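Undergrad: pasted the sequence and its predicted model underneath.
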Amino acid sequence: MRILMITGTGTEVGKTVTTAAVAACALAAGRSVAVLKAAQTGVAPGEHGDAAEAARLAGAVTSVELARYPEPLAPATAARRCGRPPVRPAEVAEAAAKLATEHDLVLVEGAGGLLVRFDEAGGTLADAARLLGAPVLVVTTAGLGTLNTTELTARELARQGLDLAGLVIGSWPAAAGLADRCNLADLPEVAGAPLLGALPAGAAARAPGDFRAAAPRWLAPALDGTWDAAAFGAREGAQTRPS
């Protein structure tokens, strides 16, 4: 796997911190890494974007941002409103493929969810993934509502013939509720894909050195970590039937 697309079940689910954790684990495993942000919205000139934030947390990665739009909107809308050219899936695929010739792993972070539009033609991260033949990692939430959005995303990936690499919970609460704990078993079932990690709430606020040292404990071996879904479920999970 040289290119991995990272999407979410919505906004603010932990895509960037998950991207950083995947990058940190790959770096620790001795791999060179690039982080590509297809379209950055809601960030002013000179401010840190998601790719730069992933690099700050993960370490020595190449960070690339294809386009930046000032308003916090879907990329197609943000581009139209500020009069700038949109980013198209073919451009995302071309940039990722070029980075893959120079790095062992390229992480392509989308904007919002899988079907958020990049351009007026309706191009999405899914289209870029198809052009690249790249698997997609889905970042999801832990609590109520996650089963629906996760299954919808998984079904759309399957409908488009794309490979769902697995799921990562972008923010696992310190005091997990019943729904959170039950979802550890239910999420892989509804998605038809493995749970490959769970990042603790507040992970992005850690000092970069602490983040890098801890990241392998949050992600499974498929993502160069040591996290074990069965052990985590036994510790954090809940019975699915009343006792």
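TA: Received, thanks. Numbers count the residues shown, from 1 in each chain.
Undergrad: where do the helices of this protein begin and end?
TA: All helices of the chain, identified by DSSP state H, fall at 15-28, 50-58, 75-82, 89-100, 125-132, 146-159, 178-191, 208-214, 229-236.
Undergrad: could I get these in TSV, plus columns for mean pLDDT, mean neighbour count and distance to Leu66?
TA: (C-beta placed from N, C-alpha, C; glycine too.) Below are these laid out as TSV (pLDDT from 0 to 100; neighbours: other C-beta atoms under 10 Å; distance: least, C-beta to C-beta, whole Å):
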stretch	mean pLDDT	mean neighbour count	distance to Leu66
helix 15-28	98	27	15
helix 50-58	95	23	9
helix 75-82	95	19	10
helix 89-100	97	19	6
helix 125-132	97	23	11
helix 146-159	97	18	22
helix 178-191	96	18	28
helix 208-214	97	15	25
helix 229-236	93	13	34
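Undergrad: now distance to Val139 too, for those, in a markdown table please.
TA: Written out in a markdown table, the entries for the helices of the chain read as follows (distance: least, C-beta to C-beta, whole Å):
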| stretch | distance to Val139 |
| --- | --- |
| helix 15-28 | 5 |
| helix 50-58 | 12 |
| helix 75-82 | 18 |
| helix 89-100 | 18 |
| helix 125-132 | 12 |
| helix 146-159 | 10 |
| helix 178-191 | 12 |
| helix 208-214 | 16 |
| helix 229-236 | 16 |
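Undergrad: out of those, which is closest to Gly202?
TA: Of all the helices of the chain, the one in closest proximity to Gly202, counting by C-beta to C-beta, is helix 15-28 (9.5 Å).
Undergrad: and that closest one, what other elements does it pack with?
TA: For helix 15-28, the elements it packs on are strand 3-8, strand 33-37, helix 50-58, strand 105-113, strand 136-140, strand 164-172, strand 195-200, helix 208-214, judged by 3 or more C-beta pairs under 8 Å, 6 or more residues apart in numbering; DSSP states H and E.
Undergrad: using CSV, write down the CA coordinates of the second one.
TA: Taking Å, rounded to 0.1, in the frame of the first residue of the first chain, the C-alpha atoms of strand 33-37 are listed here in CSV:
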residue,chain,number,x,y,z
VAL,A,33,5.6,9.6,4.3
ALA,A,34,3.8,12.4,2.5
VAL,A,35,0.5,14.0,3.6
LEU,A,36,-1.6,15.5,0.8
LYS,A,37,-4.6,17.7,1.6
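Undergrad: does anything pack onto that strand? Which helices or strands?
TA: helix 15-28, helix 50-58, strand 62-65, helix 89-100, strand 105-113.
Undergrad: do that again at 10 Å, thanks
TA: Counting contacts by 3 or more C-beta pairs under 10 Å, 6 or more residues apart in numbering; DSSP states H and E, strand 33-37 packs against strand 3-8, helix 15-28, helix 50-58, strand 62-65, helix 89-100, strand 105-113.
Undergrad: tell me the strands beside that strand, with direction?
TA: strand 62-65 (parallel), strand 105-113 (parallel) (DSSP bridges).
Undergrad: pick the most buried one from the ones you listed.
TA: Most buried of the strands paired with strand 33-37 by mean neighbour count (mean count of other C-beta atoms under 10 Å) is strand 105-113; its value is a mean of 26.
Undergrad: gap between that one and the chain center?
TA: 6 Å (C-alpha atoms, centre = their mean, to the nearest Å).
Undergrad: could you give the angle of that strand to helix 75-82?
TA: Between strand 105-113 and helix 75-82, the angle comes out at 70 degrees (axes from the mean of the first three to the mean of the last three C-alpha atoms, to 10 degrees).
Undergrad: all set, thanks.
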